[in-house]
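Trainee: only geometry, no sequence info:
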């Protein structure tokens, strides 16, 4: 009797549990919701590897999970994780960890986790599996996009050229949004990790594939690397399809650190001013504003009365960028300012150059003060200041670093970088601050990494 | 004879000495005069320098006070030429002129004794509202071929009445249809902005090919902060599917799923605040906002779908009367659907209002037209999409006094006012 009662109770409890579970599922999966989520269903059978990856990835959507530990868990199976993780990327879906899981699309943070896990795995094994999948004639668009993402995290300079051939294209030869974004991301990741990849990027741009070139230029823009200027000059002169974008890129990279190159580029840009093409002319003027140190100022002043509003605005913006002034659209005021700057260079500068060489620290300090206020021809002025870094007076060295930072010319970068290996912490700190300002980003403590950032002079 | 000669010689010497003394006296007097003149001239010059310097400082003080007043919401004009403001021993007056709706010109004149100096400062009025752009993407904003952005002012009438400029695909209304981002702005071939394209600080607006921006390409001086959405909590009325003409009365309420079926109309009487988990207006469906009693604000938690030819609009077509806040996050949860007219190229889906989706990537692919403004995590305006910024939103949504940013300053010639003291 007791047994019967126990069995009955157990049956009732089980029935209630199953019923509530069914009710819960029914509540979540009403037909409309089920139909909507069906497109995110995993497209194939699930093995243990996929289920494991799915369970970890699903937990990533729970707040407070540490991405680092999740990536470690994804990579734990070692080589056995490669296949499932590539599958997840290719399908852009999250496999079910347990059967009751709802269909899930792979989110951006989840994709980042998968890529972080792949980066932890053995590179040759990942490459082998990737190559095998890409060599299949039926390699899907998803597989190709997954490959772009993966090469972005494990690839090197040699992969830059290959990326263009992997990117899936539409029938008209263009890239769709997903391919574009993956390609740009891969270019960007490799260029950021491997500064030497810039030379390979040059080769890709020479192929004149505007679709790929455009994404590569956007990736280069994100680098904010002075070495990009030479590349932009080349593209602007030789590739009409990408030239306007290359000019926009100059505004993000800033001056090259090679005054002669900047001067050549600016001079070429002045020759490209075309009143019949106002948007092109605006791009040209803004690029001049990013490169010029004063040689093109008179040309710009002549354009602040242009009939085209956009050209006027860009000429003024370029002048302000060069001169660091908020003077208005008043040609006479700009001309007066320019006259004063040029007069200082010809009549005052020789006296201050002598002061910079003087034994008396007070005279040197006065000269540095005078140099700090200048806004034009910074590279010439920076070269006057550079010998001070050689003097055995830390106070003056420190002030020289600050002056070089204020002048803003990248010709000072190699000399400032050399100060980082010096023995005086105050000078080193000043040099680091100056470099951060000149390069526009945090200076790495690793000397080799810093050297890779420095433009070749 | 000898004595006579001696007397003659003495007389002659006295005459010579007198002459020399005379010359010396004249010389000394001249020298004294020259010294006196130099001293006086130096003093005059020093006084002029000092007065000019004082006038310069008093001008700056005047401009500073004027800007302070503007920021407090009062006029920047201070004193007048015939009744200047006393500043120590100096005087100044500031004139204020509104150059455009955005630009304010301040002209300060300072007088120290007899030396005057004038300075001009032009400021841009930045309304204290996030609704300053037709379209703003926090991470980036991209415009693809044939996307167009312009502006109109709903206070002055309909967009159609103001879209009288240009022709064909270049027909447009007013030119304050700014687009912006805290990141980069990129514009592909044939896209056009009648306004500014403002990238974030340290970022760039890239205008490619024959795309056009009629206004400025200068980046913003500081990022636009996007406030978090606070969703109110109301009792849920469950799901609502509109299968015939339906009206939601004014008040606050919540629904799980709100669906307007094909070609059906839902009217919401304002004032109303409505929280919806999923909102879908199917093809040809319509949500009318009757804002006679007040505006309507809608919060959407997950899906927001406007199918082809769907319309959401206040009955008076004033965008300020419909605020849509999308809590939807299609980055962390990509199953969340934010679909605005993605299906039909020739559809005519329209939204009159403000669309705020700080967590969502929004891509608009077709002929969608927005009258009002949109802010999202990122925005991709694709082919033929049209955004018409309603300039009336600036005043309608401004929370307090505007801030001012410097456009430029310069010294201008001082004009002695007639009858100045």
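Mentor: Yep, that arrived. The model shown is predicted, which means the values in this text are computed figures rather than measured ones. Numbers count the residues shown, from 1 in each chain, chains lettered A, B, ... in the order given.
Trainee: may I see the buried residues of stretch A:102-114?
Mentor: Buried residues in stretch A:102-114, defined by neighbour count with 16 or more other CB atoms under 10 Å in any protein chain shown: A:102-107, A:110-111, A:113-114. No exception for glycine: its C-beta is placed from N, CA and C like everyone else's.
Trainee: pretty sure residue A:338 sits against residue A:301.
Mentor: Yes - at 6.9 Å, residue A:338 and residue A:301 qualify as touching, with contact defined as CB atoms under 8 Å.
Trainee: so what sits against both of the two?
Mentor: Between them, residue A:338 and residue A:301 share no contacting residue under CB atoms under 8 Å, 6 or more residues apart in numbering or on different chains.
Trainee: per-residue pLDDT of residue 74, please?
Mentor: Since no chain was named, I'll use chain A. Among the per-residue scores, residue A:74 holds a pLDDT of 96.
Trainee: you answered for a different chain; I wanted chain B.
Mentor: Reading off the model, residue B:74 has pLDDT 85.
Trainee: and what about residue A:90, helix, strand or coil?
Mentor: Recorded secondary structure, residue A:90: helix (DSSP: H, G, I helix; E, B strand; the rest coil).
Trainee: any low-confidence regions in the chain?
Mentor: Using chain A. For chain A, the stretches with pLDDT under 70 are A:1-30, A:32, A:447-449, A:451-457.
Trainee: wrong chain, I was asking about chain B
Mentor: Using pLDDT under 70, chain B drops low at B:1-14, B:341-347, B:418-421.
Trainee: report the contact partners of the closest residue to chain B within the stretch 51-200 of chain A.
Mentor: Closest approach between the stretch 51-200 of chain A and chain B, counting by CB to the nearest CB: residue A:105, at 4.1 Å. Residues counted as contacts of residue A:105 (CB under 8 Å, 6+ apart) are A:40, A:92-94, B:334-335.
Trainee: let me see the contact set for the closest residue to residue B:287 other than its chain neighbours.
Mentor: Excluding its sequence neighbours, the residue lying closest to residue B:287 (CB to CB, 6 or more residues apart in numbering or on different chains) is residue B:312, at 4.5 Å. Contacts for residue B:312 (CB under 8 Å, 6+ apart) come out as B:281, B:286-287, B:289, B:306, B:322, B:324, B:350-353.
Trainee: hang on, the earlier thing: so which of the buried residues of stretch A:102-114 are in strands?
Mentor: Counting by DSSP state E, the part of the buried residues of stretch A:102-114 found in strands is A:104-105.
Trainee: could you report the neighbour count for residue 70?
Mentor: As the question left the chain open, I've gone with chain A. 20 (other CB atoms under 10 Å in any protein chain shown).
Trainee: ah, no, chain B please
Mentor: 21.
Trainee: next one: the helix or strand encompassing it, is it in contact with chain A?
Mentor: Residue B:70 belongs to helix B:2-71 when assigned by DSSP states H and E. No - using CB under 8 Å from any CB of the partner chain, helix B:2-71 stays clear of chain A, with a minimum separation of 13.1 Å.
Trainee: find the centremost residue of the chain, please.
Mentor: Let's take chain A. residue A:222 (2.6 Å; CA atoms, centre = their mean).
Trainee: let's do chain B instead
Mentor: Central residue of chain B (CA atoms, centre = their mean): residue B:126, 4.0 Å from the mean position.
Trainee: I figured that one hits residue B:400, correct?
Mentor: No - using CB under 8 Å, residue B:126 is not in contact with residue B:400; the gap is 11.7 Å.
Trainee: what about the residue in the stretch 101-250 of chain B positioned nearest to chain A, how many residues nearby?
Mentor: Residue nearest to chain A within the stretch 101-250 of chain B: residue B:206 (3.9 Å; CB to the nearest CB). Applying other CB under 10 Å, we find 26 residues neighbouring residue B:206.
Trainee: that one bridge partners, please.
Mentor: On the basis of DSSP bridges, residue B:206 is bridged to residue B:186.
Trainee: wait, it touches residue B:186, no?
Mentor: Yes - between residue B:206 and residue B:186 there is a contact under CB under 8 Å: 4.7 Å.
Trainee: say whether chain B is contacted by the helix or strand hosting residue A:235.
Mentor: Assigned by DSSP H and E, residue A:235 falls within helix A:228-238. No - remark: helix A:228-238 sits outside contact range of chain B, by CB under 8 Å from any CB, the gap being at least 12.5 Å.
Trainee: okay, buried residues for the following helix or strand past that helix please.
Mentor: Downstream of helix A:228-238, the first helix or strand assigned by DSSP H and E is helix A:240-253. Within helix A:240-253, the residues that count as buried by 16+ other CB under 10 Å are A:242-253.
Trainee: what's around the closest residue to residue A:154 other than its chain neighbours, how many residues?
Mentor: Spatial nearest neighbour of residue A:154, excluding adjacent residues (CB to CB, 6+ apart): residue A:123 at 5.2 Å. For residue A:123, the count of nearby residues is 13 (other CB under 10 Å).
Trainee: so residue A:123 sits right up against residue A:155, yeah?
Mentor: No - counting by CB under 8 Å, residue A:123 sits too far from residue A:155 to count as a contact (9.3 Å).
Trainee: who's in contact with stretch A:326-343?
Mentor: So stretch A:326-343 is contacted by A:294, A:297-298, A:301-302, A:304-305, A:312, A:316, A:319-320, A:323, A:325, A:374-377, B:120, B:122, B:406-411 (CB under 8 Å, 6+ apart).
Trainee: next one: stretch A:385-399
Mentor: So stretch A:385-399 is contacted by A:356-357, A:361, A:364-365, A:368, A:371, A:400-401, A:403-404, A:407, A:411-412, A:415-416, A:418-419, A:424, A:426-427, A:430 (CB under 8 Å, 6+ apart).
Trainee: same thing but 7 Å
Mentor: A:356, A:361, A:364-365, A:368, A:371, A:400, A:403-404, A:412, A:415, A:419, A:424, A:426-427, A:430 (CB atoms under 7 Å, 6 or more residues apart in numbering or on different chains).
Trainee: now the buried members of those residues.
Mentor: Applying 16+ other CB under 10 Å to these flags A:356, A:364, A:368, A:371, A:400, A:403-404, A:412, A:415, A:419, A:427, A:430 as buried.
Trainee: save those as CSV, and put in distance to residue B:114 and secondary structure too.
Mentor: Formatted as CSV, the buried ones among the contacts of stretch A:385-399 follow (distance: CB to CB, whole Å; DSSP: H, G, I helix; E, B strand; the rest coil):
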residue, distance to residue B:114, secondary structure
A:356, 43, helix
A:364, 42, helix
A:368, 39, helix
A:371, 38, helix
A:400, 46, helix
A:403, 41, helix
A:404, 45, helix
A:412, 48, helix
A:415, 53, helix
A:419, 54, helix
A:427, 52, helix
A:430, 48, helix
